[in-house]
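In: Whatever this is, show me its structure:
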Amino acid sequence: MSTIAFDQFALTRIADFARSLSRLHQASRHRLVEDDQIDREFNAVCMSVWGYTTDDFSDDLFSDADHAWLDTLDETHARIFAAEQGYDLIDDNGMLTDWWGYCWMILAEKRGLLTPENRAATRAAIEEKYLSAPNVIGVIVGR
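Out: Have a look, this model is predicted:
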């Protein structure tokens with residue numbers, strides 16, 4: 001008998017927040033769907049679940065061990081990891097398409113990286129990068 005048991009009703013079911021994104025992924029099998037559209041939907045899911053997106057913290061905040069772990073993560077281990085943190089990565093058709101990105105968010109939450117300070121620093125770094133590009137005179141940010 002397994003020593004790991006999860007109460008599926010106690011898990012946050014990310015699929016409940018990702019219905020539009022799942023429909024986009026399904027539609028992309030039959031017609032062209034812009035990457036930006038998928039990114040916006042993914043970010044909308046992250047905002048609904050965590051109040052942050054992957055654009056709100058720097059990859060550099062993760063340790064080398066975290067990066068190595070994420071690079072070797074497969075669906076089975078992702079599902080276990082997510083469940084251990086209180087999340088479900090399964091929808092009616094199986095594993096969510098964007099499971100890896102959700103694990104990135106879950107790990108960021110676990111490491112305490114989802115903070116207003118990290119968001120501000122990351123946004124400032126992005127703005128600085130854009131402003132240092134030739135022919136850029138300003139950056140418009142929606143907040």
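In: Need the residues that contact the strand or helix carrying A44.
Out: Assigned by DSSP states H and E, A44 belongs to helix 35-49. Applying Cβ atoms under 8 Å, 6 or more residues apart in numbering, the external contacts of helix 35-49 come out as 12, 14, 17-18, 20-21, 24-25, 28, 52-55, 98, 101-102, 105. Quick note: C-beta positions are derived from backbone N, CA and C, even for glycine.
In: Give me the buried entries from those residues.
Out: Burial by neighbour count, 16 or more other Cβ atoms under 10 Å: within these this picks out 14, 17-18, 21, 24-25, 52-54, 98, 101-102, 105.
In: For L131, which residues are in contact?
Out: Contacts of L131 by Cβ under 8 Å, 6+ apart are 138-139.
In: repeat that with 10 Å
Out: L131 makes contacts with 137-139, as judged by Cβ atoms under 10 Å, 6 or more residues apart in numbering.
In: Likewise for S63?
Out: Counting by Cβ under 10 Å, 6+ apart, S63 has contacts 69, 111.
In: Pull the helix holding A44 out as PDB, backbone CA atoms only.
Out: Taking Å, rounded to 0.1, in the frame of the first residue of the first chain, the C-alpha atoms of helix 35-49 are listed here in PDB:
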ATOM      1  CA  ASP A  35       1.800  32.200 -28.700                       C
ATOM      2  CA  ASP A  36       1.000  35.600 -27.100                       C
ATOM      3  CA  GLN A  37      -2.600  34.500 -26.700                       C
ATOM      4  CA  ILE A  38      -1.500  31.300 -24.900                       C
ATOM      5  CA  ASP A  39       0.900  33.300 -22.800                       C
ATOM      6  CA  ARG A  40      -1.900  35.700 -21.800                       C
ATOM      7  CA  GLU A  41      -4.200  32.900 -20.800                       C
ATOM      8  CA  PHE A  42      -1.400  31.100 -18.900                       C
ATOM      9  CA  ASN A  43      -0.700  34.300 -17.000                       C
ATOM     10  CA  ALA A  44      -4.400  34.700 -16.300                       C
ATOM     11  CA  VAL A  45      -4.500  31.300 -14.700                       C
ATOM     12  CA  CYS A  46      -1.500  32.100 -12.600                       C
ATOM     13  CA  MET A  47      -3.000  35.400 -11.500                       C
ATOM     14  CA  SER A  48      -6.200  33.600 -10.500                       C
ATOM     15  CA  VAL A  49      -4.400  30.900  -8.500                       C
END
